[in-house]
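1. requesting a structural model of the entry that follows:
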Amino acid sequence: MKIKVPIPILLVMQLAVLSLWTPSHAQWTDLFNGTDLDGWVQYGGAADYFVEDGILYGVAVPDSPNSFLATRDIYSDFILEVEFLVDPKLNSGVQIRSQVNDAGLVYGYQVEIDPSDRAWSAGIYDEGRRGWMYPLTENKPGQEAFRPGDWKTIRVEALGASIRTWINGVEAASVLDDETPEGFIALQVHSINDAADAGIDIAFRSVRIITHNPERHQTPASDLKQLNFIPNAQ
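-> Numbering: from 1, shown residues only. A predicted model of the protein is given here:
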């Protein structure tokens, strides 16, 4: 026997289910306020970071090491999304769970921004430590998801030892690693080798994060190969 549910009650039930599972109900927090660099601090090089018309710019300067504009707050488990538009000559990246040592050198996981023909954007690099952890060598869809000339979106889901990334909605990298469970988030401007490239830039907008119950909003598991860097956990 089928139980008939009155339409108003049924509608309330449907809305309740949607409120639990629809991503638009995720509790996003803006890390960039669209006005100034409040809440951020610069490490490393002397790249010029500034805000104009609601966009955060990072401009490469000559004779400077890599520059990092970092959050003052520390994050452990989260879901992060960043929109960016990068000059085709400028390498960049988004640091997550990162630290800075007494010498002012930044180290930690970097989600790559790579506009070169190599196209490893959203690959995972360990800045200042182990180097490449998850290049996109074998991920052709991930490489093709980078669209030159358009605003692009990187998504990071860092939950426990699992770090997964996406570029424009296409899954790019997946690692298991417990080297650094927490740290700041930072926007990188890479050093330049040619002084003639001074002034090239990367633009960021909609830098936002979920820290409250992020596991409720994580993307279901996929068949993308995961690389395990935890000893004795193979």
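
2. just give the number of residues close to the closest residue to Asn33 other than its chain neighbours.
-> Counting by CB to CB, 6 or more residues apart in numbering, Gly39 is the residue found nearest to Asn33 once chain neighbours are left out, at 7.4 Å. Any C-beta I mention is one placed from the backbone N, CA and C, and that applies to glycine too. By the other CB atoms under 10 Å criterion, the neighbourhood of Gly39 contains 13 residues.

3. looking at it, Gly39 is touching Arg72, isn't it?
-> Yes: look at Gly39 against Arg72 with CB atoms under 8 Å: they come within range, at 5.6 Å.

4. find residues that contact each of the two.
-> Jointly contacting Gly39 and Arg72 under the rule CB atoms under 8 Å, 6 or more residues apart in numbering is no residue at all.

5. give me the nearest residue to Arg205, chain neighbours excluded.
-> The spatially closest residue to Arg205, leaving aside those adjacent along the chain, is Glu83, at 4.9 Å (CB to CB, 6+ apart).

6. sorry, that was for Ser92
-> Ile113 (4.0 Å).

7. what residues are up against that neighbour?
-> Under the criterion of CB under 8 Å, 6+ apart, the contact list for Ile113 reads 84, 86, 91-94, 121, 154, 188, 202.

8. can we see that at 10 Å?
-> With contacts defined as CB atoms under 10 Å, 6 or more residues apart in numbering, the neighbours of Ile113 are 82, 84, 86, 90-94, 120-123, 146, 152, 154, 167, 187-188, 190, 202, 204.

9. quick one, grab the pLDDT at it.
-> Ile113 is assigned a pLDDT of 97 by the prediction.

10. Asp30 now?
-> For Asp30, the pLDDT comes out at 98.

11. can you count the residues close to Thr211?
-> Under the neighbour criterion other CB under 10 Å, Thr211 is assigned a count of 15.
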